[in-house]
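In: curious how this folds, go ahead:
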Amino acid sequence: MRGKRVTKALLTADPIYGNRLVSRFINRVMQSGKKSVAKSLVYIGPKMEVRARRMGGASYQVPNEVRGDRRIALAIRWIVTFAKKRSNKEYKTFADKLAVELMEASKGTGEAIKKRDLVHRMAEANRAFAHFKW
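Out: Got it, this is the predicted structure:
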């Protein structure tokens, strides 16, 4: 036997999920060394959302920051929901639909991404009511 046995360098776990697989996925998505851009593509979750708040008989859409588990739950829910809604003519199995939705999300074009952008636009449009949050 020639040489030494090669030991693989262990990849550090992802800081948010603590998962090495997510870390590998981020590294694969990364282009030109822009890891922060790759992370923003992989973490599909919304940063802001609007919540209805009643003030003196009127209902206002108050923007709030989405944190922690809710952010992940919304991202997963949107991906699965829009994968289910894909037509049966093009994709036969749910696995195919989910794969296509994830591929489109990684490119920034999927329905889940459109939903996230819509939620962000609503939060931005209602920024004037941000002083109502507590």
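In: which other helices and strands contact the helix or strand bottoming out on mean pLDDT in the chain?
Out: The helix or strand of the chain with the poorest confidence is helix 35-42; it has a mean of 78 (mean pLDDT, DSSP states H and E). Using 3 or more CB pairs under 8 Å, 6 or more residues apart in numbering; DSSP states H and E, the elements in contact with helix 35-42 are helix 20-29, helix 94-107. Quick note: C-beta positions are derived from backbone N, CA and C, even for glycine.
In: of those helices, which shows the lowest average pLDDT?
Out: The minimum mean pLDDT among the helices and strands packed on helix 35-42 belongs to helix 20-29 (a mean of 82).
In: list the buried residues for that one?
Out: By neighbour count with 16 or more other CB atoms under 10 Å, helix 20-29 contains the buried residues Val22, Ser23, Phe25, Ile26, Val29.
In: circling back: run the angle between the least confident helix or strand of the chain and helix 20-29 for me.
Out: Inter-element angle recorded for helix 35-42 and helix 20-29: 110 degrees (by axes from the mean of the first three to the mean of the last three CA atoms, to 10 degrees).
In: export helix 35-42 as PDB, just CAs?
Out: Extracted in PDB, the C-alpha atoms of helix 35-42 (Å, rounded to 0.1, in the frame of the first residue of the first chain):
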ATOM      1  CA  LYS A  35     -21.600  32.400   1.000                       C
ATOM      2  CA  SER A  36     -24.000  35.000   2.400                       C
ATOM      3  CA  VAL A  37     -25.900  35.100  -0.900                       C
ATOM      4  CA  ALA A  38     -26.100  31.300  -0.900                       C
ATOM      5  CA  LYS A  39     -27.400  31.200   2.700                       C
ATOM      6  CA  SER A  40     -30.100  33.700   1.800                       C
ATOM      7  CA  LEU A  41     -31.200  31.400  -1.000                       C
ATOM      8  CA  VAL A  42     -31.200  28.300   1.200                       C
END
